[in-house]
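Engineer: The amino acid sequence is not available; the structure is as follows:
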């Protein structure tokens, strides 16, 4: 076991991970559930996210207001988020109020009753969130790209889901989803900050584990079969938002760190190839970047840019030429060193945030069932060679399924 880290599996199947960060005055705590949009059926699409909202709306012990008030009275912050692979409920409190915050967090995660009147109100809130996403063209473009790359199932599903689904969700739907996806074996409790493993374990044994019974999580098959394609969404807006998807390695692939370095050099900052070519040299975009999304089965390199509609084809050509040149030419020593240092610094600076560490260690436990070896990760990055990065580029971005999306004053998709 690494210094200051701890992991345990309880009798119910629940897992705990603790990152003890000495010298701080706060602690972040979270409950991560293996429940996200990629695991939903067409009729369920959006339920993971809607459930996240409803978890705050009352238990047998506390009303929705009393949940908020209990956290506010101790100065704690509480929130949640949903992704394609997980849902996370979290709080941050001063160390002297950690037990009180965790008691409230445990109560609403395990004992929510989803009052009917609250459901109707919250449906309106989520429908407004869906409308807001429709009015946020860069986010919408990336949703359209996911569907173009993965199709309408699995990772192609949006997190918010369609409005019609949200309108039709019932209390019974939520309870059934909790029974299936919130089984103890599919939950992780994660702590990071000024809390010892013994203190964290005692909190779980007091407020969490006694309320659980061992049961098997519902199966959630996800056929990972990127289909590729090009989709568009017409919007009466001034910019055209374009995005492209290229294949990348899975989360635990041997080349995953090498691809992270490559992405930084390609489009991860102001010195990157894409930024320098598309913005600085050609003046085609204010925003242009690339990023990696890694899943258990595979990954995606996404390139995004917002451009003048008259420059769409020119920008697309510049992006594809930049990617092709990047794949065809070896990295310089300076680029390689810069990419490695940026990746290392991102991870190391994240060590200063209890919230980021809670999520980082919680995800590792949820997806891999073990405690993240942070020092080992840094050592592997330091040991990377230019040859490994070049091999990773050739295995990923150069060949395979591609996809494109455009949102703006358009009536046809981009030609790949």
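Structural biologist: Arrived safely. Everything quoted here is computed from the prediction, not taken from an experiment.
Engineer: what's near enough to touch the most centrally placed residue in the chain?
Structural biologist: Centroid-nearest residue in the chain: residue 83, 4.9 Å away (criterion: Cα atoms, centre = their mean). Contacts for residue 83 were tallied using Cβ atoms under 8 Å, 6 or more residues apart in numbering; they are 36, 37, 159. Using the backbone N, CA and C atoms, a C-beta is placed for each residue, glycine as well.
Engineer: would you turn those into JSON lines with distance to residue 122, secondary structure and neighbour count?
Structural biologist: Listed next are the contacts of residue 83 as JSON lines, based on distance: Cβ to Cβ, whole Å; DSSP: H, G, I helix; E, B strand; the rest coil; neighbours: other Cβ atoms under 10 Å:
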{"residue": "36", "distance to residue 122": "19", "secondary structure": "coil", "neighbour count": "21"}
{"residue": "37", "distance to residue 122": "18", "secondary structure": "helix", "neighbour count": "25"}
{"residue": "159", "distance to residue 122": "16", "secondary structure": "coil", "neighbour count": "22"}
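Engineer: can you tell me how far the residue nearest to the centre of the chain sits from residue 143?
Structural biologist: With distances taken as Cβ to Cβ, to the nearest Å, residue 83 is found 13 Å from residue 143.
Engineer: do residue 182 as well
Structural biologist: Distance from residue 182 to residue 143, by Cβ to Cβ: 26 Å.
Engineer: Residue 257 too?
Structural biologist: Distance from residue 257 to residue 143, counting by Cβ to Cβ: 28 Å.
Engineer: just residue 329 next, same as before
Structural biologist: As for residue 329, its distance to residue 143 is 33 Å (criterion: Cβ to Cβ).
Engineer: what do you get for residue 87?
Structural biologist: To residue 143, residue 87 is 18 Å away according to Cβ to Cβ.
Engineer: any idea how far residue 28 is from the residue nearest to the centre of the chain?
Structural biologist: 18 Å.
Engineer: still on that earlier bit, who has more neighbours out of residue 329 and residue 143?
Structural biologist: A count of neighbours by other Cβ atoms under 10 Å puts residue 143 above the other of residue 329 and residue 143, at 22 against 11.
Engineer: Helix, strand or coil: sort out that one for me.
Structural biologist: At residue 143 the chain is in helix, as set by DSSP: H, G, I helix; E, B strand; the rest coil.
Engineer: residues touching it, list them.
Structural biologist: Residue 143 makes contact with 133, 158, according to Cβ under 8 Å, 6+ apart.
Engineer: moving C-terminal of the worst-scoring helix or strand of the chain on mean pLDDT, what's the next helix or strand?
Structural biologist: One helix or strand of the chain scores below all others by mean pLDDT, DSSP states H and E: helix 386-396, with a mean of 88. For helix 386-396, the following helix or strand on the C-terminal side (DSSP states H and E) is strand 403-408.
Engineer: what's the spacing between the residue of the chain positioned farthest from its centre and residue 273?
Structural biologist: Here the chain reaches farthest from its C-alpha mean at residue 310, the gap being 33.3 Å by Cα atoms, centre = their mean. From residue 310 across to residue 273, the span is 24 Å (Cβ to Cβ).
Engineer: Can you give me the buried ones in stretch 374-384?
Structural biologist: For stretch 374-384, the neighbour count (16 or more other Cβ atoms under 10 Å) marks 374, 381, 384 as buried.
Engineer: same deal with stretch 225-242?
Structural biologist: Across stretch 225-242, burial judged by 16+ other Cβ under 10 Å covers 226, 228, 229, 230, 231, 232, 233, 235, 239, 240, 241, 242.
Engineer: Is the first one in a helix, a strand, or coil?
Structural biologist: Judged by three-state DSSP, the three-state class of residue 226 is coil.
Engineer: Next one: it from residue 160, what distance?
Structural biologist: 22 Å.
Engineer: Check the last one too.
Structural biologist: As defined by Cβ to Cβ, residue 242 lies at a distance of 22 Å from residue 160.
Engineer: got a list of what residue 35 touches?
Structural biologist: Taking Cβ under 8 Å, 6+ apart, we find residue 35 in contact with 48, 51, 82, 86, 87, 177, 181, 182, 186.
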